[in-house]
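In: Got a predicted structure plus its sequence, pasted below:
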Amino acid sequence: MLKLRYLAILLGLTASLAATQTTGQPEEFNAVAIMNNNLGSGSDRVIMRVERWSTQAERTRLTEALKKGNDQALDVLRELRPVGTIRTPDSLGYDLRYAAQEPAEEGGRRVVIATDRPISFWEARNQPRTIDYPFTFIQMQLEKSGEGKGTLSLMTKVIPRGNTIILEDFATAPVMLNDVRSRAIRN
């Protein structure tokens, strides 16, 4: 059975919209990604580089689209100017489309990143069930020191339910991000 998670966690896109900070300096997040679900198991390092934070207008546009469902949200997300990249040490980067942060307790912060996920030629042609799960959502909780943990929902479907947005994962569990470390990017 697929796992449903409420999107209250998702991202400061809704309830804490006004409090979300979209300004800040470019930053790189380095984490150990641990996967143990129906997609496989193992671990690898993942590097998320945020070159710019999403604007208030982008956040509002995406929030409204998320409330309308997958197709609208995917269209809006793909139209947004990239905010950075995500990659593993031995791969090319893939564009990130949304990045926001908000203060958390005791001087920490919560970072939310979203993007569409790459769809292979085979997947586009054959239309397996995974084609209905076009998003990747990342949420990280960072302490004041810049270290923390998070989750990465690799194949996700958005389900609007009134004023609530629910994430349905194709995988039975999100990828755990451990040993998250942030560092400012110097130009």
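Out: Here it is on my side, so go on.

In: Please make it C-alpha for all contacts and neighbour counts, starting now.
Out: Will do.

In: Next up, the contacts around the residue positioned nearest the centre of the chain.
Out: Closest residue to the average C-alpha location of the chain: Phe137 at 2.5 Å, with CA atoms, centre = their mean. By CA atoms under 8 Å, 6 or more residues apart in numbering, the residues touching Phe137 are Leu10, Val112, Ile113, Ala114, Thr115, Leu152, Ser153, Leu154, Thr156.

In: Show me what Thr85 is bridged to.
Out: As for beta bridges, Thr85 partners with Arg49, Asp95 under DSSP bridges.

In: Looking at the contacts of Phe137, point me to the pair that's furthest apart.
Out: The most widely separated members of the contacts of Phe137, counting by CA to CA, are Val112 and Thr156 (14.5 Å).

In: In terms of neighbours, single out the busier of the two.
Out: Thr156 (26 against 23; other CA atoms under 10 Å).

In: next one: the helix or strand hosting that one to chain centre, how far?
Out: Element membership for Thr156, per DSSP states H and E: strand 147-161. Counting by CA atoms, centre = their mean, to the nearest Å, strand 147-161 is centred 6 Å from the centre of its parent chain.

In: Parallel or antiparallel, list what pairs with that strand.
Out: By DSSP bridges, strand 147-161 pairs with strand 135-142 (antiparallel), strand 164-169 (antiparallel), strand 175-184 (antiparallel).

In: Could you export these as TSV, including mean pLDDT?
Out: Conversion of the strands paired with strand 147-161 to TSV gives the following (pLDDT from 0 to 100):
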stretch	mean pLDDT
strand 135-142	89
strand 164-169	66
strand 175-184	93
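
In: want to throw these into a markdown table with distance to Leu66?
Out: Listed next are the strands paired with strand 147-161 as a markdown table, based on distance: least, CA to CA, whole Å:
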| stretch | distance to Leu66 |
| --- | --- |
| strand 135-142 | 11 |
| strand 164-169 | 7 |
| strand 175-184 | 22 |
